[in-house]
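# next comes the sequence, and after it the predicted model I'd like to discuss.
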Amino acid sequence: MLGRMKKLSSKAKKDRLEIISSILFALEILERSVYGWKSWISNLSLMSHFTLEELVEIDNTLEKLVRPFIENDIKVAQKWIDKFPQIKIIPKRKQKEDRTRLIV
């Protein structure tokens, strides 16, 4: 996976479609990694084999990786906000409670 990602990103002259393909591939790799981590961490039987120190190490490592990613996510979203369609969130109307009783 990393080899393919490097090959895609290191090509000298890429057209728009190749760049988009490279971005999508990088995101797919990231998604697979996150899914794997979530699967492991959600498995309490597996996690019971880790010591407290090992869990702290995993937690610290992930925080060091995720924080800059999310900070970049915020920065990019703010930089290119005008490129994304504006989505208006319309709150749901509260449904009237059904006070009807079922008589048997």
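Alright, I've got the coordinates.

# switch to C-alpha atoms for all contacts and neighbour counts from now on
OK.

# and the one helix or strand residue 46 maps to, what's its mean pLDDT?
According to DSSP states H and E, residue 46 maps onto helix 44-47. In this model, helix 44-47 has an average pLDDT of 94.

# equivalent analysis for stretch 72-80, please.
Averaged across stretch 72-80, pLDDT comes to 89.

# that older thread, and the following helix or strand past the helix holding residue 46, which residues are buried?
Tracing the chain C-terminally past helix 44-47 and defining elements by DSSP H and E, one meets helix 52-79 next. For helix 52-79, burial by neighbour count (16 or more other CA atoms under 10 Å) applies to no residue.

# what helices and strands are in contact with helix 52-79?
Of the remaining helices and strands, none touches helix 52-79 by 3 or more CA pairs under 8 Å, 6 or more residues apart in numbering; DSSP states H and E.

# how far is it from where the chain is centred?
On the basis of CA atoms, centre = their mean, to the nearest Å, helix 52-79 sits 11 Å off its chain's mean C-alpha point.

# try stretch 80-87
For stretch 80-87, the distance to the chain centre is 19 Å (CA atoms, centre = their mean).

# buried residues, that stretch. List them.
So stretch 80-87, judged by 16+ other CA under 10 Å, has zero buried residues.

# cool, and stretch 19-33?
For stretch 19-33, by 16+ other CA under 10 Å, it's 22, 25-26.

# try stretch 4-19
Under 16+ other CA under 10 Å, the buried positions of stretch 4-19 are 8-9.

# mind checking the pLDDT average for that stretch?
The model assigns stretch 4-19 a mean pLDDT of 80.

# work out the gap between that stretch and the centre of the chain.
The answer for stretch 4-19 is 22 Å, by CA atoms, centre = their mean.

# quote the end-to-end distance of that stretch.
13 Å (CA to CA, to the nearest Å).

# which pLDDT value belongs to the residue positioned nearest the centre of the chain?
The structure's the chain has its C-alpha centroid closest to residue 31; by CA atoms, centre = their mean the separation is 6.3 Å. pLDDT, residue 31: 95.

# tell me the phi and psi of it?
Residue 31 has phi and psi values of phi -60, psi -40 when expressed as degrees, to the nearest 10.
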